[in-house]
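*Asks:* Just need the structure, nothing else, for what follows:
(chains A and B)
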There are 2 protein chains.
Amino acid sequence: MNLQDALKKFYEFHSKVSAYGHAMSLIYFDGATVAPAGTAANRSHALTVLSEQMYTMSTDKEIVDLLTYLDKNSDKLNERDARAVYLSYKNIKEMRHIPMEEYVAFEQLLVEADDVWHRAKAASDFAMFCPVLEKIFETTARFARYCAPDMDPYDYCLNKYEDGLDRATCDAFFAKLKETLLPLIRRIRAKAPISVECLKGQFDDQQQQAFALTLMRTMGIDLDHCGLGTTEHPFTTSIGSHHDVRITTNYDPTDLSYSMYSVIHEGGHALYDMHSDDAYAYTPLDGGVSMGIHESQSRFYENLLGRSEPFIRYIFPEMQHRFPEPLSHYTAEDVYRAVNRVTPSLIRTEADEVTYCLHVMIRYELERRVIGGELAVRDLPAEWARLYKEYLGVDVPDDKHGVLQDSHWSGGSIGYFPSYALGSAYGAQLLARMKEEVDVDACLSRGDFAPINAWNREHIWRHGSLKAPNVLLREVLGCDFDPTYYTDYLTEKYTKLYDL
Amino acid sequence: MNLQDALKKFYEFHSKVSAYGHAMSLIYFDGATVAPAGTAANRSHALTVLSEQMYTMSTDKEIVDLLTYLDKNSDKLNERDARAVYLSYKNIKEMRHIPMEEYVAFEQLLVEADDVWHRAKAASDFAMFCPVLEKIFETTARFARYCAPDMDPYDYCLNKYEDGLDRATCDAFFAKLKETLLPLIRRIRAKAPISVECLKGQFDDQQQQAFALTLMRTMGIDLDHCGLGTTEHPFTTSIGSHHDVRITTNYDPTDLSYSMYSVIHEGGHALYDMHSDDAYAYTPLDGGVSMGIHESQSRFYENLLGRSEPFIRYIFPEMQHRFPEPLSHYTAEDVYRAVNRVTPSLIRTEADEVTYCLHVMIRYELERRVIGGELAVRDLPAEWARLYKEYLGVDVPDDKHGVLQDSHWSGGSIGYFPSYALGSAYGAQLLARMKEEVDVDACLSRGDFAPINAWNREHIWRHGSLKAPNVLLREVLGCDFDPTYYTDYLTEKYTKLYDL
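*Replies:* Numbers count the residues shown, from 1 in each chain, chains lettered A, B, ... in the order given. Below you'll find the predicted structure:
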């Protein structure tokens, strides 16, 4: 085989793969947004066939031979081709370790799990979800053993979302957070709570949606390539390539901030995905490289920018204009304080910046112990309640507000949670680095995201998946990742806000 | 090969095919409804790959051998299996006559054509669309020659939408319509026009959408399996099987009747598709058998039921409640008269029952002559204008209100139009037959569609594509199709309405 011909075949194969990806992402997006309520089984049929086809295509001898050949010759490839081959080969090697029946059965299990989880959550009944969740954890551990028999199964899970991450790194990271955040939270709790009345009222979906679109435009999101849908749980997905990205939100009729910050968060994911180098479309290099880097962008926009004082001062007149009731009775300062109120609470997605990582840490500890065989799935609710009491001081009243709140486990995403906390911490260090070159506060105070986006595009977005997350971070930061930036940022911001 | 094994393989193959169909229908539906404006090229990429895969899969030697074997042994198969094999073999035999590059190029041409047509229509500039339309007509004629070298190419086109239809049948049918309708229209034009003021005003999209959903429920459409979207041009599509059907509409902010009747029309298509026998899902028997029978259902609900006096009397209080302005100033009789006003006009989709078939006839005559090589595509606008003047007495002011109005030609649907007129006429004869068993007027006057739907389900819908259209019609009617039912229905209704 000739190297150039092999590369040509390789990219043709990925062009095909991305069309299947397009179809499957769209079927998922449709199911979560506009599909009629009774059509899950029909979607499951199509997804089963398409994932079988994808599996068959990807594990075909000709493709495996092609990738083996390219991998052996990777020293002769340029950076882009070598990385694309590496990512593809890694993925397919793993797929080949999983027998097709088991691979497809897991896809089907996840479709079923989504349905069972929704019903169990509505009924606040973990027992209903428990048997399915047991299968998901069991399969995840089994697949980890198939794919990386020499690796700890939970380390393998972590690596799926953040290449190079392991339990030791997470442990050290969370220990550092705990050490700073627990005392900080204690000091905040001693202070009078901040009022959030300025965000409460009766808000029309359509009005909130119009505001969401304004936020997206303000963030510099190209609405010709990014859509906005409504779903129970907000998410971001690319449809086939970075040329078509969709974000979703949900409108709380009584709280303005829920949709506002979910849109800014998902908008951060969208900006990252949408700005891969155009040449990467339909290749393994398209889209963000890891969940940690992804969350570093989404939580960057949501918190470091979106909850900053200059941004709130900029956006406040727009909010007041759109929602005169209640905002005509309040000031930008009231909104700034309200969107940054710290309250240990039950729900991760509604948590403030300070307590957020503790929610994540609880999930990390629990899933790690379940995969490690140290904790039974049926004991999750009790352990969940114990840890929420220990770290956050709150009593979990029921499964709906506890172990059933997130969709990650029902979606098979085990090992994903730590990336939220890591990403938050990456973001703080990235902001410090960005501020050496961009006057971020000045940009925010005039609602001008262009210089901020240009910096992110140059240093992060355009690379897509070209650089491994640790390589990318090192290159942009010029030094190792250091969570102190994050703990310092939180300490400084909240000491000032709460006058500690 | 063993017959039972072969059948099993055959249905497995179609189960796969339907998953590709699911993906492709959904990509189309997404593009027409919620996809961001700049994502057409990305969709085109996925559709090209998936249609190539579909082509490769369908023309694979193993599948062709399987179908050839089953076709040879069709006398040993039961009615269902034999018909499924017939439909599949017919389709694949034709596909094999078209070289893959040409097949895929045509799919790509249609994606381009959709875009060009939208822009040309907006600019009212046929010259912009002409080169693409020439290619579409040329390819259609070429494919017809590939697939059926012994058949007249336009007859082949007609057969794609209505098995067994030919030019001679159409000519006789349209001659009969012309003979009755032209004098009827002349007599109506001599009378004072009916006022449509009761349907005019300022109508909110959301209010109209809520009314549309009420109409769907009233018609007995199961909203758990049928969604409603918003598109420029209303249409109906099944997503993968009859378990998931979507209809779309468009809300005219000044005219209540536009969305109302497009929803009832598409709702008729949806009811037909949704009620295929459950055993037919993911087989060639799933969904309606032909466009003629489909239009017999959609135009049945839209006109024979939806524009009837008892239905208007039933729905009027609901309309008045939802749209007190202007309807509090009018009566059910005013609405009945308004939704049945006859006015020769420019736009087919807005035409009344009496002039509608003349719009269709013009398109039939034109496309037949283009395919037959008797008319150049570039001469279509002039011929269009001449025929509108001759049959309808109206002057065509521009291409937007003339030759560019419909999406059929840009979508490659040549030979489709006659099914609208035929379907309308089938419907009138079906209504007469239904009335022997169901008191249709009494049902409509109490908004009870259940007995009407039950009759259609038993005689038409549940069969899916099991029976050829002419066989199905013969069985349900108990006699040959006779357009006199339709012309009598129109003559009687409009003689009374206009007091002729």
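
*Asks:* for the closest residue to A:L404 other than its chain neighbours, what are its contacts?
*Replies:* Excluding the flanking residues, the one nearest A:L404 by CB to CB, 6 or more residues apart in numbering or on different chains is A:K121, at 4.5 Å. Every C-beta, even on glycine, is put in place using the N, C-alpha and C of the backbone. Contacts here follow CB atoms under 8 Å, 6 or more residues apart in numbering or on different chains; on that basis A:K121 touches A:129, A:399-400, A:404-405.

*Asks:* Contact distance from chain B - what residues of the stretch 251-400 of chain A qualify?
*Replies:* Neighbours of chain B within the stretch 251-400 of chain A, by CB under 8 Å from any CB of the partner chain: A:281-282.

*Asks:* Check which element follows the helix or strand the residue nearest to A:L404 falls within along the chain.
*Replies:* In the assignment (DSSP states H and E), A:K121 maps to helix A:100-123. Downstream of helix A:100-123, the first helix or strand assigned by DSSP H and E is helix A:126-147.

*Asks:* that older thread, enumerate the positions of the helix holding A:K121 that are buried.
*Replies:* For helix A:100-123, the neighbour count (16 or more other CB atoms under 10 Å in any protein chain shown) marks A:103-104, A:106-107, A:109-111, A:113-114, A:116-118, A:120-121 as buried.

*Asks:* How about stretch A:413-422?
*Replies:* With the criterion 16+ other CB under 10 Å, stretch A:413-422 contains buried residues A:413-422.

*Asks:* same deal with stretch A:345-362?
*Replies:* Within stretch A:345-362, the residues scored as buried using 16+ other CB under 10 Å are A:346, A:348, A:350-362.

*Asks:* Equivalent analysis for stretch A:201-210, please.
*Replies:* Buried, per 16+ other CB under 10 Å, within stretch A:201-210: A:203, A:208-209.

*Asks:* Does the strand of greatest length in chain A reach chain B?
*Replies:* Scanning chain A for the strand with the most residues, using DSSP state E, yields strand A:241-249. Yes: residues of strand A:241-249 contacting chain B under CB under 8 Å from any CB: A:241, A:243-244, A:246.

*Asks:* Put together CSV for these, with neighbour count and pLDDT on each row.
*Replies:* Formatted as CSV, these follow (neighbours: other CB atoms under 10 Å in any protein chain shown; pLDDT from 0 to 100):
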residue, neighbour count, pLDDT
A:S241, 28, 98
A:H243, 24, 98
A:D244, 30, 98
A:R246, 27, 98
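
*Asks:* out of these, who's nearest A:V196?
*Replies:* The nearest member of the residues of strand A:241-249 next to chain B to A:V196, counting by CB to CB, is A:R246 at 29.7 Å.

*Asks:* dump the residue contacts of the nearest residue to that closest one once chain neighbours are set aside.
*Replies:* Take A:R246 and drop its neighbours on the chain: the residue closest to it by CB to CB, 6+ apart is A:G227, 4.5 Å away. By CB under 8 Å, 6+ apart, A:G227 lies in contact with A:244-247, B:34-36.

*Asks:* A strand includes A:G227, no?
*Replies:* Yes: according to DSSP: H, G, I helix; E, B strand; the rest coil, A:G227 belongs to a strand.

*Asks:* secondary structure class for the residue of the stretch 101-250 of chain A found nearest chain B?
*Replies:* Among the residues of the stretch 101-250 of chain A, A:D224 lies closest to chain B, at 3.3 Å counting by CB to the nearest CB. Following three-state DSSP, A:D224 is assigned to coil.

*Asks:* does it really touch B:A37, like I thought?
*Replies:* Yes: using CB atoms under 8 Å, A:D224 is in contact with B:A37, at 4.8 Å.

*Asks:* hang on, the earlier thing: so what's the residue of the stretch 101-250 of chain A closest to chain B scoring on pLDDT?
*Replies:* Taken from the predicted model, the pLDDT recorded for A:D224 is 97.

*Asks:* Give me the nearest residue to it, chain neighbours excluded.
*Replies:* Residue nearest to A:D224 in three dimensions, not counting chain neighbours: B:G38, with 3.3 Å by CB to CB, 6+ apart.

*Asks:* Could you check the pLDDT of the one you found?
*Replies:* Taking B:G38 on its own, its pLDDT is 94.

*Asks:* with the contacts of A:K121 in mind, which one is nearest to chain B?
*Replies:* The nearest member of the contacts of A:K121 to chain B, counting by CB to the nearest CB, is A:F129 at 22.9 Å.

*Asks:* which residues does that closest one contact?
*Replies:* Here A:F129 is in contact with A:113, A:116-117, A:120-121, A:404, A:410 (criterion: CB under 8 Å, 6+ apart).

*Asks:* Let's see that with 10 Å instead.
*Replies:* A:113, A:116-121, A:123, A:136, A:377, A:380, A:399, A:403-404, A:409-410 (CB atoms under 10 Å, 6 or more residues apart in numbering or on different chains).

*Asks:* Chain A: strands as residue ranges?
*Replies:* Here chain A has its strands, by DSSP E, at A:226-230, A:236-239, A:241-249.

*Asks:* hey, which of the ones you listed is tucked in deepest?
*Replies:* strand A:241-249 (a mean of 26; mean count of other CB atoms under 10 Å in any protein chain shown).

*Asks:* Could you list every helix and strand in contact with it?
*Replies:* Applying 3 or more CB pairs under 10 Å, 6 or more residues apart in numbering or on different chains; DSSP states H and E, one finds that strand A:241-249 contacts helix A:3-32, helix A:205-218, strand A:226-230, strand A:236-239, helix A:256-274, helix B:3-32, helix B:40-58.

*Asks:* Which pLDDT value goes with the nearest residue in space to A:E112 that is not next to it in sequence?
*Replies:* Of all residues not flanking A:E112 in the chain, A:V132 sits nearest, at 6.6 Å (CB to CB, 6+ apart). Looking at A:V132, its pLDDT stands at 97.

*Asks:* swap in A:V104?
*Replies:* For A:V104, the model assigns a pLDDT of 85.

*Asks:* Please report how far the nearest residue to it once chain neighbours are set aside lies from A:F29.
*Replies:* Excluding its sequence neighbours, the residue lying closest to A:V104 (CB to CB, 6+ apart) is A:E52, at 5.4 Å. Going from A:E52 to A:F29 by CB to CB, to the nearest Å gives 21 Å.

*Asks:* ok, these two, which is more surrounded?
*Replies:* A:F29 (23 against 17; other CB atoms under 10 Å in any protein chain shown).

*Asks:* show me what contacts that one?
*Replies:* Counted by CB under 10 Å, 6+ apart, A:F29 has contacts A:35, A:227, A:229, A:231, A:235, A:237-239, A:246, A:248, B:26, B:30, B:34.

*Asks:* what do you get for A:A190?
*Replies:* A:A190 neighbours (CB under 10 Å, 6+ apart): A:498, A:500.

*Asks:* can you check A:T218 too?
*Replies:* A:264, A:267, A:311, A:314-315, A:318, A:447-449.

*Asks:* And A:H459, by the same measure?
*Replies:* Per CB under 10 Å, 6+ apart, neighbours of A:H459: A:430, A:433-434, A:437, A:472, A:475-477.

*Asks:* Output those as a markdown table; include the columns distance to chain B and neighbour count.
*Replies:* A markdown table is the format used below for the contacts of A:H459 (distance: CB to the nearest CB, whole Å; neighbours: other CB atoms under 10 Å in any protein chain shown):
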| residue | distance to chain B | neighbour count |
| --- | --- | --- |
| A:L430 | 28 | 25 |
| A:R433 | 32 | 17 |
| A:M434 | 28 | 20 |
| A:E437 | 30 | 11 |
| A:L472 | 25 | 20 |
| A:E475 | 29 | 12 |
| A:V476 | 28 | 20 |
| A:L477 | 33 | 17 |
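
*Asks:* how close does the residue nearest to A:D114 when sequence neighbours are not counted get to chain B?
*Replies:* Spatial nearest neighbour of A:D114, chain neighbours left out: A:S410 (5.6 Å); criterion: CB to CB, 6+ apart. A:S410 is 22 Å from chain B, where distance means CB to the nearest CB, to the nearest Å.
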